[in-house]
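> pasting the structure only:
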């Protein structure tokens with residue numbers, strides 16, 4: 001992310017709302033289908049700016065560790081070579097000008113002016129005394145007069161600048177600022193001052209972001225919803241992927257309800273009117289919450305190229321894909337542990353540190369791999385698990401496994417990645433059930449509800465659940481009205497707008 005970019009202002013939501021004071025006073029979600037519109041370059045730039053502001057606020061609110069960073073190109077990239085070449089030419093030219101006889105201070109004075117502006121930007125409103133000091137020391141008119149008479153002391157000015165920087169910088173920059181005092185070459189000293197000033201500006205920006213976060217969290221739902229609606233107004237039919245995602249989830253919910261009714265024939269013949277009503281409603285019109293929960297769970301099985309990601313989740317796609325990867329990894333770890341436990345027995349499996357060592361080895365060999373490469377990783381995992389088993393047996397004074405038992409253990413571990421593997425299927429089913437309860441607003445996630453066979457990954461799975469719930473909760477809060485509008489069209493395509501069929 002570009003270091004020079006500023007965080008969005010919280011009051012930007014007022015601009016985004018247009019003639020409406022709040023999005024509750026206007027129709028939400030996709031409007032009626034319209035013919036394609038041609039967007040001008042100015043409109044495209046405005047749209048790009050809106051998306052950037054929206055994504056920045058979204059990241060600040062959801063990511064407690066969010067920070068802006070300087071742009072650093074890879075060392076061997078063309079961009080980095082061009083940048084270094086231009087920078088070297090610039091600073092070499094400055095050195096030549098200062099070393100000339102008589103010295104040419106034109107470029108140096110311009111740099112001093114930029115340093116002055118940077119220092120003033122770092123000041124807080126109440127720093128009046130320091131502002132006056134900077135204005136006095138870096139009086140550009142006086143500096144120009146000194147340069148004309150050959151009396152300009154670049155080094156002396158630089159030392160004064162470093163003193164001001166030492167007062168303004170964050171404590172962890174003190175050593176870096178002090179280290180510049182040993183530089184004697186004026187051009188090199190100015191260059192390093194600029195480098196550290198850029199870091200200080202980034203520190204101030206990140207401090208501002210941290211200060212803004214509590215205020216943004218108070219109004220982020222309204223802000224993000226209005227910004228998204230503003231973008232939506234400029235891009236007709238731009239919720240097609242979201243609509244298709246919800247349509248598939250709704251169809252799956254209806255299908256699941258129908259299967260439930262078929263497996264519970266007593267529901268249709270029961271004399272209990274309340275039971276009949278509940279059974280009927282559950283098999284005809286799914287609730288918004290149930291459709292959304294199924295949709296969110298479907299994202300954990302999203303395959304590359306399967307279809308376009310829902311637009312309403314685009315800003316969280318990376319987070320959700322990380323959750324998906326962690327779920328896949330945890331399912332492999334849990335399956336490896338379950339298979340090993342079945343072969344080795346509780347005596348070996350309950351020995352101190354054994355489970356932790358197996359988890360550590362398995363996780364290390366899966367780290368950074370996509371699920372399509374798990375098959376090759378499981379070969380190495382089976383070797384490492386067998387080594388750990390043999391080592392632990394020896395330490396406990398038990399005889400080594402027979403060769404057929406070793407072969408069986410390795411074979412069962414390697415087969416975990418096979419399509420249709422029963423152990424993997426059951427593990428993943430339990431993980432998904434746990435997560436579906438975890439993200440449900442009324443779900444219960446007490447210790448007694450934790451799925452059997454997953455105790456070894458309980459801590460990791462609960463952390464994944466918290467991340468998943470954070471994203472889905474935020475998404476529901478912001479896009480709930482959009483989802484309701486879409487699902488009305490999906491579930492009641494022939495209903496009138498005021499039919500009152502919004503109780504789902």
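Everything's here; your move. As the structure is a computational prediction, the values presented were derived from the model and not from experiment.

> quick one: contacts for residue 310?
Neighbour list for residue 310: 241-242, 245-246, 295 [criterion: CB atoms under 8 Å, 6 or more residues apart in numbering]. Where you see a C-beta, it was placed from the backbone N, CA and C, and this is true even at glycine.

> Phi first, then psi, for it.
phi -60, psi 140 (degrees, to the nearest 10).

> Look up how far residue 226 lies from it.
19 Å (CB to CB, to the nearest Å).

> And residue 146, by the same measure?
Per CB to CB, residue 146 is found 54 Å from residue 226.

> So which of those two has more stuff around it?
A count of neighbours by other CB atoms under 10 Å puts residue 226 above the other of residue 146 and residue 226, at 25 against 16.

> continuing past the strand or helix carrying that one, what's the next helix or strand?
Residue 226 belongs to helix 186-234 when elements are defined using DSSP states H and E. Downstream of helix 186-234, the first helix or strand assigned by DSSP H and E is helix 240-263.

> For that following helix, name the packing helices and strands.
helix 273-284, helix 288-299, helix 458-491 (3 or more CB pairs under 8 Å, 6 or more residues apart in numbering; DSSP states H and E).

> now the second one: mean pLDDT?
Helix 288-299 carries an average pLDDT of 92.

> Please apply the same query to the last one.
Within the predicted structure, the mean pLDDT of helix 458-491 is 90.

> residue farthest from the centroid of this structure?
Distance from the C-alpha centroid of the chain peaks at residue 149, with 56.7 Å (CA atoms, centre = their mean).

> Of all residues in the chain, which one is nearest the centre?
Geometric centre of the chain, nearest residue: residue 319, 4.6 Å, by CA atoms, centre = their mean.

> residues near residue 361, how many?
Counted with other CB under 10 Å, residue 361 comes out at 19.

> Relative to residue 102, how far out is the residue farthest from the centre of the chain?
For residue 149, the distance to residue 102 (CB to CB) stands at 10 Å.

> and among the helices and strands packed on helix 240-263, the most buried is which?
Among the helices and strands packed on helix 240-263, helix 288-299 has the highest mean neighbour count (mean count of other CB atoms under 10 Å), at a mean of 21.

> Check which helices and strands the very next helix or strand once past that one sits against.
The first helix or strand that comes after helix 288-299 along the chain, using DSSP H and E, is helix 317-344. Using 3+ CB pairs under 8 Å, 6+ apart, the elements in contact with helix 317-344 are helix 354-366, helix 374-396, helix 403-414, helix 422-438, helix 458-491.

> between those, which gets nearest to residue 166?
With respect to residue 166, and counting by CB to CB, the nearest of these is helix 458-491 at 39.8 Å.

> ok so, going back, now for the residue nearest to the centre of the chain: which residues touch it?
Counted by CB under 8 Å, 6+ apart, residue 319 has contacts 62, 467, 471.

> could you check the distance from the first one over to residue 216?
Going from residue 62 to residue 216 by CB to CB gives 10 Å.

> what about the stretch 301-450 of the chain, any weak spots by pLDDT?
Counting by pLDDT under 70, the stretch 301-450 of the chain shows low-confidence ranges at 442-449.

> try 90 this time
In the predicted model, the stretch 301-450 of the chain carries pLDDT under 90 at residues 302-308, 314, 341-354, 366-377, 379, 393-401, 417-420, 437-450.

> next one: stretch 44-64 to chain centre, how far?
Here stretch 44-64 is found 12 Å from its chain centre; the criterion is CA atoms, centre = their mean, to the nearest Å.

> Mind listing what's buried along it?
For stretch 44-64, the buried set under the neighbour-count rule, 16 or more other CB atoms under 10 Å, comprises 50, 53-62.

> One more: stretch 219-229?
Buried, per 16+ other CB under 10 Å, within stretch 219-229: 220-229.

> hang on, the earlier thing: greatest separation within the contacts of residue 310: which pair is it?
Pairwise distances across those peak at 11.7 Å for 241 and 295 (criterion: CB to CB).

> Next, the contact list for residue 64, please.
The contact partners of residue 64, taken as CB under 8 Å, 6+ apart, are residue 213.

> That one in helix, strand or coil?
Following DSSP: H, G, I helix; E, B strand; the rest coil, residue 64 is assigned to coil.

> likewise the one 5 residues further on?
Going by three-state DSSP, the secondary structure assigned to residue 69 is coil.

> Dihedrals phi and psi, it?
Dihedral pair for residue 69: phi -130, psi 150, per degrees, to the nearest 10.

> Can you report how many residues neighbour the closest residue to residue 433 other than its chain neighbours?
Of all residues not flanking residue 433 in the chain, residue 451 sits nearest, at 6.7 Å (CB to CB, 6 or more residues apart in numbering). Counted with other CB under 10 Å, residues neighbouring residue 451 total 18.

> what about residue 451, which SS state?
Here residue 451 is coil, with the state taken from three-state DSSP.

> and it, backbone torsions?
Main-chain torsions, residue 451, degrees, to the nearest 10: phi -60, psi 140.

> wait, it sits on residue 428?
No. When contacts are counted by CB atoms under 8 Å, residue 451 is not listed as touching residue 428 (10.9 Å).

> show me the contacts for the nearest residue to residue 322 once chain neighbours are set aside.
Spatial nearest neighbour of residue 322, excluding adjacent residues (CB to CB, 6+ apart): residue 467 at 7.8 Å. By CB under 8 Å, 6+ apart, the contact list for residue 467 reads 319, 322-323.

> so where is the stretch 151-300 of the chain shaky, pLDDT-wise?
Along the stretch 151-300 of the chain, the model assigns pLDDT under 90 to residues 151, 204-239, 252-290.

> hmm, try it at 80
212, 215-218, 234-238, 256-286 (pLDDT under 80).

> mind checking which helix or strand the nearest residue to residue 231 once chain neighbours are set aside is in?
Of all residues not flanking residue 231 in the chain, residue 50 sits nearest, at 5.5 Å (CB to CB, 6+ apart). Assigned by DSSP H and E, residue 50 belongs to helix 41-62.

> and that helix, what does it pack onto?
Going by 3+ CB pairs under 8 Å, 6+ apart, helix 41-62 lies up against helix 12-16, helix 186-234, helix 458-491.

> Can you say which of those helices is nearest to residue 74?
Judged by CB to CB, the one of these that comes nearest to residue 74 is helix 186-234, at 19.0 Å.

> Output the contacting helices and strands for the closest one.
In terms of contacts (3+ CB pairs under 8 Å, 6+ apart), helix 186-234 is packed against helix 12-16, helix 41-62, helix 78-99, helix 106-121, helix 154-168, helix 174-179, helix 458-491.

> mind putting those helices in a markdown table, distance to residue 371 included?
What follows is the helices and strands packed on helix 186-234, written out as a markdown table (distance: least, CB to CB, whole Å):
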| stretch | distance to residue 371 |
| --- | --- |
| helix 12-16 | 39 |
| helix 41-62 | 25 |
| helix 78-99 | 33 |
| helix 106-121 | 48 |
| helix 154-168 | 49 |
| helix 174-179 | 43 |
| helix 458-491 | 15 |
